[in-house]
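Undergrad: just need the structure, nothing else, for what follows:
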Amino acid sequence: MRTGWLVAVIWVLCLGPAQPGAAQTAAADGPFHDWVAVVIAGDWHAHSGGPSEVFDNARHDVSLALERAGFQPANVREFSVRPERYDDPRPEKTALPAIYDALHDLTARTSGGCLFYLSSHGAPSGAVLDDRILTPGVLDDILQQTCGARPTVVVISACFSGVYVPTLARSNRMVLTAARPDRTSFGCGQEDRYPYFDDCFLQSMKAAHDFPTVGRDAQVCVARKERATGAKPPSDPQLFVGPELRPILPLLDF
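TA: Numbers count the residues shown, from 1 in each chain. As a prediction, the model looks like this:
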């Protein structure tokens, strides 16, 4: 973490507007104005095998939530397995080379942090990315080659997604997953609007002011939803915050 970058963040957070119009300028230059994000729907099937919009609903609304938190729309790229179905905005086709290229392009023209969000089905070896499994090692390689040492937030909403934590748990990263490595997550039916975890992430983004709080609140929310619906066994969402980020992320206020 560069000292100058941290000083700039603290200055933006602490300095109040001195004249009319300064608030708008501060918003444009807030902590996340130079962060980049890719938000991905990795599948389009319900757990029954029928068609479902749950992952694309999450993809679309998580992107909006990030923009409300201060991400610039031009720095947020969306991906869908069926992009031809959507126009507002038109997502790109979910494919590993395209996702890598997007992160490479975004990080080449910015200097802030990175966010990677994937909503999909999962397996003990990783999460579904259209017609393949995105393994933890491959994702770690992609993030290392693009985001590198930048502050990086990784959110994986999928069954068994805790499998990502040991590989991705670097000091400059926060990793939040919908389940522990040996558990499924819930809410992927044809009639669901979002998977349980994505719903809780979005609810938490409305009330929390930083990503670690979102992670903790989402954990509580998922447990509450599972108890209310009788979903068993508990998915037990996982949260890791690297030592470099622990003092920094709470300063990055939405």
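
Undergrad: tell me which element the residue positioned nearest the centre of the chain falls in.
TA: The C-alpha lying nearest the average C-alpha coordinate of the chain belongs to residue 117 (CA atoms, centre = their mean; 3.1 Å). Element membership for residue 117 (DSSP states H and E) is strand 114-119.

Undergrad: over to residue 68?
TA: helix 54-69.

Undergrad: averaged pLDDT, that helix. What do you get?
TA: For helix 54-69, the mean per-residue pLDDT is 98.

Undergrad: what helices and strands are in contact with that helix?
TA: strand 36-41, strand 76-80, strand 114-119, helix 196-207 (3 or more CB pairs under 8 Å, 6 or more residues apart in numbering; DSSP states H and E). For glycine as for every other residue, the C-beta is placed from the backbone atoms N, C-alpha and C.

Undergrad: switch the ones you listed over to CSV; also include distance to residue 156 and mean pLDDT.
TA: Shown next, in CSV, are the helices and strands packed on helix 54-69 (distance: least, CB to CB, whole Å; pLDDT from 0 to 100):
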stretch, distance to residue 156, mean pLDDT
strand 36-41, 10, 98
strand 76-80, 14, 98
strand 114-119, 5, 98
helix 196-207, 9, 98
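
Undergrad: ok, which of those comes nearest residue 139?
TA: In terms of CB to CB, the element of the helices and strands packed on helix 54-69 nearest to residue 139 is strand 114-119, at 7.5 Å.

Undergrad: could you list the paired strands of the very next helix or strand once past that closest one along with their orientation?
TA: Next in sequence after strand 114-119, counting helices and strands by DSSP H and E, comes strand 122-123. Strand 122-123 has its sheet partners listed here by DSSP bridges as strand 126-129 (antiparallel).

Undergrad: and the following helix or strand past the partner strand, how far out from the chain's middle?
TA: Next along the chain after strand 126-129, taking DSSP H and E as the criterion, comes strand 132-134. Mean C-alpha position of strand 132-134 versus that of the full chain (CA atoms, centre = their mean, to the nearest Å) differs by 18 Å.

Undergrad: sounds good, over and out.
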